[in-house]
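Participant: Sharing a model prediction with you, sequence too.
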Amino acid sequence: MEWIKPNVGIDFMKAARFWVPLSGAMTVLGTILILVIGFDAGIDFKGGTKVIAEFKANAGVKRSAIKKVVDHLVESQTGETGTQVEVQDFDTGGAAGSDTVKYQIFTELPSLLTPLTKLEMAKSIESHFGKGTVVDTSFEAGDKFYVTLPEKWPLAAANAELRKIFKEAGHSNITVQSDKEGRVLSDLYREKDLLLSAKDDEVKAEAMKVEAEAHKKIARLKDDRFTIEVQAVRTQVTEALRKNFGASFVDVMSTASVSPSVGKELFQTGMLALLYAIIGILIYITLRFDMKFAPGAIACLIHDVIIVLAMIVVLDIKFTLPIIAAILALIGYDINDTIVVYDRVRENLNKGKGGQMFKVINLSINETLGRTIITSLTTEIVLASIFLLGGGTIKDFALILFVGVILGTYSSIFIASPLTIYLDRVFRKRAAARG
């Protein structure tokens, strides 16, 4: 059954005279919006904290209720409003059928310790250990303090002294590790994993001996460099969840922080991924078709990506790794739609159908129109369902792809194809001039 006949005869290239200038103006406007306003970076790129919380399965705790509690905690501790808090299901596979359920809570704040609190703690450490003590507690360090003592201390003694200082300040939940201890443990885990991967039981047994020797070595160590991490986020989130959910809340299983510097590096890597994808497609189109086809495909991609990025800016969507994944998926869908049209153009050119390039392209678009509409429509139905029924990041992901599918279909017809016609004329004129 064909909903749209291949010989429908719509003159798309005539309409392109109107749409090409409009698309150019939209691309320029989108670029200006991106450069002037910029993106609202999310947790992945701004830095933040991830908390894994566990609840009783039969308590019926909702993600929205958890988000409300953490929102209030962040606002009360920092005085900041509008910070990003996301709550996602964490259970997968068989774990989801247990007596408890786990949620992954993200907040874009790397620390709940105020700058004043961190400064006071740094002064307390310097005062306790005396002249020559250096404490690094920059904003990017989150809840971590990097301490350099004026002399080397046995690890157990230094650990006890540091814990005493933090406990007096009301922070009993901390971790202390020296640089040397960290290196020993790193070597231990690497060697232990290697031994445990062996098939020989005697070799596996050596892993326990290696671990025992490492801990004996740590007990004899002295060091003057220590990293202290205050579990402020973990402690305060635990208290807030227990206060609001009572017996339904089990415990906070773990916390992990992403510093702003790491977030910045992730952002740069994500942007490079988009650039490399476009360059790779340029090379692929050039090799598969002809040089006069490649610029149209790339112009099509750049147009769609810029408009989607501008939409993200205008709608104030948090720019995160899933958003970059959505744009990469959009690029893949976009180029697939363009290649379908280009393949039909090449077939018709080889068969001598249509005559001039603009007629061949019009014919090819009409022949693939039915396939394009059905493919796009079925994809849009799925994305609309995800958008309406989903939440959080997945909703933004679906919105970007929903708009991107429309743009991909539009740009394949009204941007890639007209540019191919223009380049065909240029190449023909050059060939005639050389001839």
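Facilitator: Great, that's in hand. Just so you know, these numbers come straight off a predicted model, no measurement behind them.
Participant: What helices and strands are in contact with the helix or strand harbouring S186?
Facilitator: Assigned by DSSP states H and E, S186 falls within helix 179-196. Other elements packing on helix 179-196 under the criterion 3 or more Cβ pairs under 8 Å, 6 or more residues apart in numbering; DSSP states H and E are helix 201-220, strand 222-230. Every residue, glycine included, has its C-beta placed from N, CA and C.
Participant: Now render these as JSON lines, adding mean neighbour count.
Facilitator: Formatted as JSON lines, these follow (neighbours: other Cβ atoms under 10 Å):
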{"stretch": "helix 201-220", "mean neighbour count": "12"}
{"stretch": "strand 222-230", "mean neighbour count": "19"}
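Participant: out of those, which comes closest to L388?
Facilitator: strand 222-230 (41.5 Å; Cβ to Cβ).
Participant: Give the partner strands of that closest one in its sheet and their orientations.
Facilitator: Sheet pairing for strand 222-230, assigned by DSSP bridges, gives strand 144-154 (antiparallel), strand 174-178 (antiparallel).
Participant: and the ones you listed as CSV, adding distance to Y103 and mean pLDDT?
Facilitator: Converted to CSV, these look like this (distance: least, Cβ to Cβ, whole Å; pLDDT from 0 to 100):
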stretch, distance to Y103, mean pLDDT
strand 144-154, 25, 91
strand 174-178, 23, 89
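Participant: Between these, which one is closest to V313.
Facilitator: Per Cβ to Cβ, nearest to V313 of the strands paired with strand 222-230: strand 144-154, 33.0 Å.
Participant: Kindly provide the distance from L274 to Q77.
Facilitator: Distance, L274 to Q77, using Cβ to Cβ, to the nearest Å: 36 Å.
Participant: Pull the distance from stretch 169-177 to the chain's centre.
Facilitator: Relative to the chain's own centre, stretch 169-177 is displaced by 31 Å; criterion: Cα atoms, centre = their mean, to the nearest Å.
Participant: between the helices and strands packed on helix 179-196, which gets nearest to F12?
Facilitator: That would be, of the helices and strands packed on helix 179-196 and by Cβ to Cβ, strand 222-230, which comes in at 60.9 Å.
Participant: now the closest one and helix 179-196, what's the angle there?
Facilitator: Relative orientation of strand 222-230 versus helix 179-196 (axes from the mean of the first three to the mean of the last three Cα atoms, to 10 degrees): 80 degrees.
Participant: What mean pLDDT does strand 222-230 get?
Facilitator: The pLDDT scores in strand 222-230 average 91.
Participant: contacts for that strand?
Facilitator: With contact meaning Cβ atoms under 8 Å, 6 or more residues apart in numbering, strand 222-230 is reached by 113, 121, 143-155, 158, 162, 166, 171, 173-182.
Participant: Quick one: distance of whichever helix or strand comes after that strand to the chain centre.
Facilitator: Sequence order places helix 232-245 as the next helix or strand after strand 222-230, per DSSP H and E. Centroid separation for helix 232-245 versus its chain: 27 Å, with Cα atoms, centre = their mean.
Participant: Please name every helix or strand in contact with helix 232-245.
Facilitator: With contacts taken as 3+ Cβ pairs under 8 Å, 6+ apart, helix 232-245 sits against strand 48-56, helix 63-78, strand 249-258.
Participant: Ok, which of the ones you listed comes nearest F402?
Facilitator: Of all those, it is helix 63-78 that lies closest to F402, at 22.9 Å by Cβ to Cβ.
Participant: what comes up buried for the closest one?
Facilitator: 66-67, 69-71, 73-74, 77 (16 or more other Cβ atoms under 10 Å).
Participant: and what of stretch 143-156?
Facilitator: Neighbour count says stretch 143-156 has 143-145, 147, 149, 153, 155 buried, by 16+ other Cβ under 10 Å.
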